[in-house]
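Novice: test case, fold it:
(one chain, ligands or ions: 2)
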Amino acid sequence: MTTPPKYWLIVPAAGIGKRMQSDVPKQYLRLDNRFVLDITLSRLLHNADFSGCMVPLSAQDHWWLDTESAADDRIQTCTGGAERADSVLSALHALDGQANDSDWVLVHDAARPCIHRDDLSNLIDTLSGHPVGGLLAAPVADTLKQAGGGVLPEVETTIDRSRLWRALTPQMFRFGQLKAALEASLTNGDPVTDESSAMEFSGNMPVLVEGRPDNLKITVPADLALAGFILSRL
Ligand SMILES: Nc1ccn([C@@H]2O[C@H](COP(=O)(O)OP(=O)(O)OP(=O)(O)O)[C@@H](O)[C@H]2O)c(=O)n1
Ligand SMILES: C[C@](O)(CO)[C@H](O)COP(=O)(O)O
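Specialist: Ligands and ions are numbered 1, 2, ... in the order given. You can find the predicted model right below:
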């Protein structure tokens, strides 16, 4: 009788939030007097049964110990890396000895606190029997323009958006496959901005699971208030 796979959570939180233009990394900005990181972690850990959670932090992080999450014994931390992919790989290596190759790993941006429990459940239910895994994503709803050169960006062409999706998180893959794919991509210098792209470079076709478009990644200053409004309505 084979034991069922476990589910592990990785929440990369080692970024500095340059585009947020704040003196505090965006995962430590507050909404309703709670750290964004605490909101994200609680919305994930309260709505799915994870065997453990690994949070890669910056080596210069001095906020973590002030979070409510630091007291949660389900959560471990490790040191992240220069890029998001390095931080995720660091977390995978930190889970060596705890996770089995066939276990599922869900990777979710700390900067996405608006994750809805229905999206989380739908992702897990849709992919648990799939050989590769996949990601939450949203079909592109705007007309997309490709910019040409010039001081003022000018339209070079309009992109056919009929088959285009915006990648969201969580992204869900098997522990062994994801670790091998990220190691290969980082060694090869592949342009990897999410887990799916590493899996794609390794020859896989991850499944796109449609998710809510309000699964916002807090990136620029205007996103913080918008995230607060979305959370107030969830
Ligand atoms: N070296 C890095 C870079 C990013 N992240 C995390 O990956 C998520 C998504 O990345 P992004 O939105 O780009 O965050 P930052 O890199 O902090 O933002 P910026 O690019 O504006 O600096 C964030 O939760 C961020 O903390 C990480 O763990 N390690
Ligand atoms: C992982 C991600 O959120 C999917 O859209 C995105 O790639 C992160 O990009 P960032 O530049 O690290 O924010």
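
Novice: contacts, neighbours, all on C-alpha from now
Specialist: Fine.

Novice: mind checking the pLDDT average for stretch 200-216?
Specialist: Average pLDDT, stretch 200-216: 98.

Novice: same deal with stretch 54-67?
Specialist: On average, stretch 54-67 scores 98.

Novice: buried residues in that stretch?
Specialist: Across stretch 54-67, burial judged by 16 or more other Cα atoms under 10 Å covers 54-58, 64.

Novice: close to ligand 1, is the lengthiest helix in the chain?
Specialist: Criterion DSSP state H: the longest helix present in the chain is helix 175-188. No: on the criterion Cα under 6 Å from any ligand atom, helix 175-188 is out of touch with ligand 1, staying 13.3 Å away.

Novice: now for that helix, which elements pack on it?
Specialist: helix 84-94, helix 195-201 (3 or more Cα pairs under 8 Å, 6 or more residues apart in numbering; DSSP states H and E).

Novice: residue 167 and residue 140 touch, don't they?
Specialist: No: counting by Cα atoms under 8 Å, residue 167 sits too far from residue 140 to count as a contact (9.8 Å).

Novice: and these two? which has more neighbours close in?
Specialist: residue 167 (19 against 15; other Cα atoms under 10 Å).

Novice: give the contact list for the nearest residue to the more buried one once chain neighbours are set aside.
Specialist: The shortest distance from residue 167 to any non-neighbouring residue, by Cα to Cα, 6 or more residues apart in numbering, is to residue 137 (4.5 Å). For residue 137, the contacting residues are 165-169, 208-211, by Cα atoms under 8 Å, 6 or more residues apart in numbering.

Novice: then residue 205?
Specialist: Counted by Cα under 8 Å, 6+ apart, residue 205 has contacts 132, 199.

Novice: so which helix or strand takes in it?
Specialist: Mapping residue 205 onto the secondary structure by DSSP states H and E places it in no helix or strand at all.

Novice: phi, psi for it please.
Specialist: Here the main-chain torsion angles of residue 205 (degrees, to the nearest 10) amount to phi -120, psi 90.

Novice: separation between it and ligand 1?
Specialist: Taking Cα to the nearest ligand atom, to the nearest Å as the measure, residue 205 falls 22 Å from ligand 1.

Novice: then residue 42?
Specialist: To ligand 1, residue 42 is 15 Å away according to Cα to the nearest ligand atom.
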